[in-house]
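**Student:** One predicted model, sequence on top.
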Amino acid sequence: MQFFGGSEISPLPPAPTASGNNAHMMYVFNRNGVCLLYREWNRPLHTLNAQQDHKLMFGLLFSLKSLTAKMDPTNAERGNLGVPQLPGQGCSFHSFRTNTYKLSFMESPSGIKIILVTHPRTGDLRESLKYIYNLYVDYVAKNPLYTPGTPIRCELFNTNLDQYVRSIA
Amino acid sequence: MDTNDSLRVASLWHSMHAISQQLSPVAGCSGIELLEADTFDLHCFQSLTGTKFFVVCEPGAQQMEALLKVIYELYTDYVLKNPFYEIEMPIRCELFDFNLSQTVQKDCVALLGR
């Protein structure tokens, strides 16, 4: 099992931007931190190179999950900070918002993390993320030619994903 | 949560706040303002000096931004203007604590009618 994808480059070039698109970009990670998919529709600002960007994103999510599990006011028994949480264990966040973007996050029981970065005034995208996860199951997991743990290179998945994301804009 | 844990959480939050600025697709990001989790929401207010105030509340609680601004005013009045308070040290000002609990109580009453 590789961690952080080793020397793998970002899979597939970004799709051309559609006008009036709400979504900026999307990441899919597996449980080991390998970036399975990175789609970019509208990203004017690139601070870091692709590898560092993925690592930073994964690290941010890991720490935020750890923080929410610790800060949960309803749970009497809280784990220690920094201890890796199993998918579904402890309280997990589903989105955060800044003044320039909103990040929506979903983790499946198998550890597949789907992250969608959109315009800050977007509503609750939990249902959309579930739908995207279903697209992943249909077009990627069920694809006999796809090896789990490697970057996704399935045309059908990409086309359907782009179509769907444009429709939720 | 004991003091050590609070310090750890606070420093973790500070770093997460900074990293979120780095990952912004658009220029001019000022860090996380709202974090939504399953059982709580976390609202954060950053002053011009970089001091961050965050409040943990029920999911979907309204007017937390206004509450944070009021708390910031209380901070400037009872903490910063206190000549015995050392900057960057933990806050041990009675008046601040008292007024803070009063404000939160009023807020609870206003929101929940209890």
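**Tutor:** It's in.
**Student:** Please identify the helix or strand for B:L42.
**Tutor:** strand B:41-46 (DSSP states H and E).
**Student:** Tell me where the chain has strands.
**Tutor:** All of this refers to chain A. Counting by DSSP state E, chain A has strands at residues A:23-29, A:35-40, A:93-98, A:102-107, A:113-118.
**Student:** Actually, chain B is the one I wanted.
**Tutor:** Using DSSP E, strands in chain B cover B:32-37, B:41-46, B:52-57.
**Student:** so A:M26 makes contact with A:C35?
**Tutor:** No: the criterion here is Cβ atoms under 8 Å, and A:M26 misses it with A:C35 at 10.9 Å. Yep, even glycine has a C-beta here, placed from its N, CA and C like the rest.
**Student:** who has more neighbours, those two?
**Tutor:** More crowded of A:M26 and A:C35, by other Cβ atoms under 10 Å in any protein chain shown: A:C35, with 25 against 21.
**Student:** Without its sequence neighbours, what residue ends up closest to the more buried one?
**Tutor:** Excluding the flanking residues, the one nearest A:C35 by Cβ to Cβ, 6 or more residues apart in numbering or on different chains is A:H54, at 4.2 Å.
**Student:** Can you get me a residue count around the one you found?
**Tutor:** A:H54: 21 neighbours (other Cβ under 10 Å).
**Student:** Up against chain B, what does chain A have?
**Tutor:** Contact residues, chain A versus chain B (Cβ under 8 Å from any Cβ of the partner chain): A:24-25, A:42-45, A:47-48, A:53, A:56-57, A:59-60, A:63-64, A:66-68, A:70-75, A:78, A:81, A:91-101, A:103, A:117.
**Student:** Can you flag the buried ones in these?
**Tutor:** Members of those that pass the buried threshold by neighbour count (16 or more other Cβ atoms under 10 Å in any protein chain shown) are listed as A:24-25, A:42, A:53, A:56-57, A:60, A:63-64, A:66-68, A:70-72, A:81, A:91-98, A:100-101, A:103, A:117.
**Student:** quick one: A:S104 from A:R39, how far?
**Tutor:** Per Cβ to Cβ, to the nearest Å, A:S104 is found 14 Å from A:R39.
**Student:** Oops, could you answer that again for A:Y146 instead?
**Tutor:** 17 Å.
**Student:** Those two - which one has more neighbours?
**Tutor:** Neighbours were counted for A:Y146 and for A:R39 using other Cβ under 10 Å; A:R39 has more, 22 against 17.
**Student:** Surely that one touches A:I115?
**Tutor:** No: applying Cβ under 8 Å, one finds A:R39 not in contact with A:I115, separated by 10.6 Å.
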